[in-house]
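Enquirer: here you go, sequence then predicted model.
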Amino acid sequence: MSRARPEKTADPDRSRGCMKAIRFLSATVVVCLSAGCGSGLHPVAGKVLVDGQPAMEGVQVIFTPVGDTKPAHGKVDGQGRFSLVTNQQRGVMPGKYRVLLINSSASISQPDTPIEPGVNVPPPEWIAYDRKLTEFLENPPQGPGWIPKRYAALQDAPLSWSVPEDGVEVTFEVQSESSRSAR
């Protein structure tokens, strides 16, 4: 036995009010997403100087968390400037970080030989490239403009930064090994 249900009549004023609320909510969501509302990330940008001059293009700046935050990274441009991203979003979570500076390895060209998916052993050109890259990172060049290896050491990194306590604009000044030994 089925029960008869009363017919629903549409209330035009209520429908219009709901539609306005939905439009307002949609617009708010779009504005928040485009502006970064609620992401909790602070834009952090700055400059890396080596011996008072802009660091080489391609130097990596990595913020590694000391607490319960996520890592952030960026690359130095031709003027020594960088900006950081976290999970492909502009900015950095508030908190304390160790700062790593890693020399650009752009001078070591990658092989043209493709690596085939599912192959366990890479082509010899890629093995040689990996060896050169490891050697470069373990023994970076010394001299003007090159960042000493100690700035890339996770456990002993001499640089740190607190976001936003220390601010969102920073200049990291480092001395190359040749500059330090000349003193």
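Expert: Here it is on my side, so go on.
Enquirer: make it CA atoms for all contacts and neighbour counts henceforth
Expert: OK.
Enquirer: from residue 135, how far out is the spatially most central residue of the chain?
Expert: Among the residues of the chain, residue 73 comes closest to the average C-alpha position under Cα atoms, centre = their mean, at 2.6 Å. Between residue 73 and residue 135 the distance, using Cα to Cα, to the nearest Å, works out to 23 Å.
Enquirer: test my guess that residue 57 contacts residue 79.
Expert: Yes - with contact taken as Cα atoms under 8 Å, residue 57 and residue 79 are classed as touching, separated by 7.5 Å.
Enquirer: pick out whichever of the two has more residues nearby.
Expert: Neighbours were tallied for residue 57 and for residue 79 using other Cα atoms under 10 Å; the higher tally belongs to residue 57 (17 against 14).
Enquirer: mind listing what the more buried one touches?
Expert: 75, 76, 77, 78, 79, 80, 104 (Cα atoms under 8 Å, 6 or more residues apart in numbering).
Enquirer: can you check residue 103 too?
Expert: Remark: with contacts taken as Cα under 8 Å, 6+ apart, residue 103 is in contact with 56, 58, 59, 60, 137, 140, 146, 147.
Enquirer: where does the protein have low pLDDT?
Expert: Using pLDDT under 70 as the threshold, the predicted model of the chain has low-confidence ranges 1-38, 178-183.
Enquirer: ranges for the strands of it?
Expert: With DSSP state E applied, the chain shows strands at 45-50, 53-54, 60-65, 72-75, 81-83, 85-86, 89-90, 95-102, 159-163, 169-174, listed in chain order.
Enquirer: how far does the longest one sit from the chain's center?
Expert: Put simply, strand 95-102 sits 11 Å off its chain's centre (Cα atoms, centre = their mean, to the nearest Å).
Enquirer: just the fourth one next, same as before
Expert: Averaging C-alpha coordinates over strand 72-75 and over its chain gives two centres that are 3 Å apart (Cα atoms, centre = their mean).
Enquirer: and the first one, by the same measure?
Expert: The gap between where strand 45-50 is centred and where its chain is centred comes out at 15 Å by Cα atoms, centre = their mean.
Enquirer: which helices and strands does it pack with?
Expert: Using 3 or more Cα pairs under 8 Å, 6 or more residues apart in numbering; DSSP states H and E as the contact definition, the elements that strand 45-50 packs against are strand 81-83, strand 169-174.
Enquirer: contact partners for residue 54?
Expert: 47, 48, 78, 79, 80, 81, 145.
Enquirer: neighbour-wise, which of those residues leads?
Expert: Comparing those on neighbour count, residue 48 comes out first with 26 neighbours (neighbours: other Cα under 10 Å).
Enquirer: residue ranges of the helices in the protein, please?
Expert: 12-35, 124-138, 177-181 (DSSP state H).
Enquirer: shouldn't residue 80 be in contact with residue 50?
Expert: No - the pair residue 80 and residue 50 does not pass the contact test of Cα under 8 Å, sitting 9.2 Å apart.
Enquirer: what touches both of the two?
Expert: Here residue 80 and residue 50 share no contacting residue, scored by Cα under 8 Å, 6+ apart.
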